[in-house]
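Trainee: What follows is a protein structure lacking sequence information:
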């Protein structure tokens, strides 16, 4: 029975992030944004609500949606580029349990290049403001083959800001996902620092090339409910709607963590045990 809901609350975006093509897809821009009734999710046993996008803070009725979700006791995680956080921060206070702010590089010019807009300063200010408001923000660092060289500096920045940093391997970057064993060891070495959150299951999975169509590891249909902005559902996942779970072309080498990470909770293999260890340690959202 699914315990997690990935709610793509909007497909609008105010950056042109190099890790995603959502902002550039005309078909997604046509999606209406409608209120959603969370009761069926609660009745189905869902406990975790991941607010995704696009950029969630662009959803006009975001606060109302979060208030509605909170009434049903969900643990809510929201990921943002931070651009609009300052103007919405007070309204969001108390409505989000896990606030993740994207930082792609510790250097302003590199981060802004990666995001396609000037937003490094806004992201830093968002983290500082969220701390002041008691929102317990975390840096969300999508590690690529390029940005991995800045890992020590990123961790130093997180220490300076006195926040945790979540290390996630890039999963959808024009076929350049995946890391060699030495890179994974490099990440695990720095992952010992107290302010670092990582899941060894995802890094092991990335090292081995992701999902295999002939023997799929994906369990998205059993572990995740996907809600679109208009309130409709997508199954088994947003990226493979109405297809065979883990066996379509789009599933080859898949490392889309909003689905693969919950999948590790099923199936007694090394990913299951590494994921369980990470939960006990508190290293995943």
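Mentor: Now that the structure is in, tell me what you want to look at. These numbers come from a predicted model, not from an experiment. Numbers count the residues shown, from 1 in each chain.
Trainee: how near is residue 4 to residue 67?
Mentor: 20 Å (C-beta to C-beta, to the nearest Å). In short, each C-beta sits where N, CA and C put it, glycine included.
Trainee: In terms of neighbours, single out the busier of these two.
Mentor: Ranked by neighbour count (other C-beta atoms under 10 Å), residue 4 and residue 67 place residue 4 first, with 24 against 13.
Trainee: mind checking how far the more buried one is from residue 55?
Mentor: 21 Å.
Trainee: again with residue 259
Mentor: Taking C-beta to C-beta, one finds residue 259 at 20 Å from residue 55.
Trainee: Comparing those two, which residue is more hemmed in?
Mentor: The neighbour count for residue 259 versus residue 55, taken as other C-beta under 10 Å, is higher for residue 259 (28 against 24).
Trainee: SS state for the more buried one?
Mentor: Under DSSP: H, G, I helix; E, B strand; the rest coil, residue 259 falls in the helix class.
Trainee: Next up, the contacts around the closest residue to it other than its chain neighbours.
Mentor: The shortest distance from residue 259 to any non-neighbouring residue, by C-beta to C-beta, 6 or more residues apart in numbering, is to residue 220 (4.2 Å). Residue 220 is in contact with 226, 235-237, 240, 245-246, 259-260, 262-263, counting by C-beta atoms under 8 Å, 6 or more residues apart in numbering.
Trainee: Secondary structure and pLDDT for those residues - can I get that in a markdown table?
Mentor: Shown next, in a markdown table, are those (DSSP: H, G, I helix; E, B strand; the rest coil; pLDDT from 0 to 100):
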| residue | secondary structure | pLDDT |
| --- | --- | --- |
| 226 | strand | 95 |
| 235 | coil | 93 |
| 236 | strand | 94 |
| 237 | coil | 93 |
| 240 | coil | 92 |
| 245 | coil | 94 |
| 246 | coil | 93 |
| 259 | helix | 94 |
| 260 | helix | 94 |
| 262 | helix | 95 |
| 263 | helix | 96 |
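Trainee: Sweet, I'm off.
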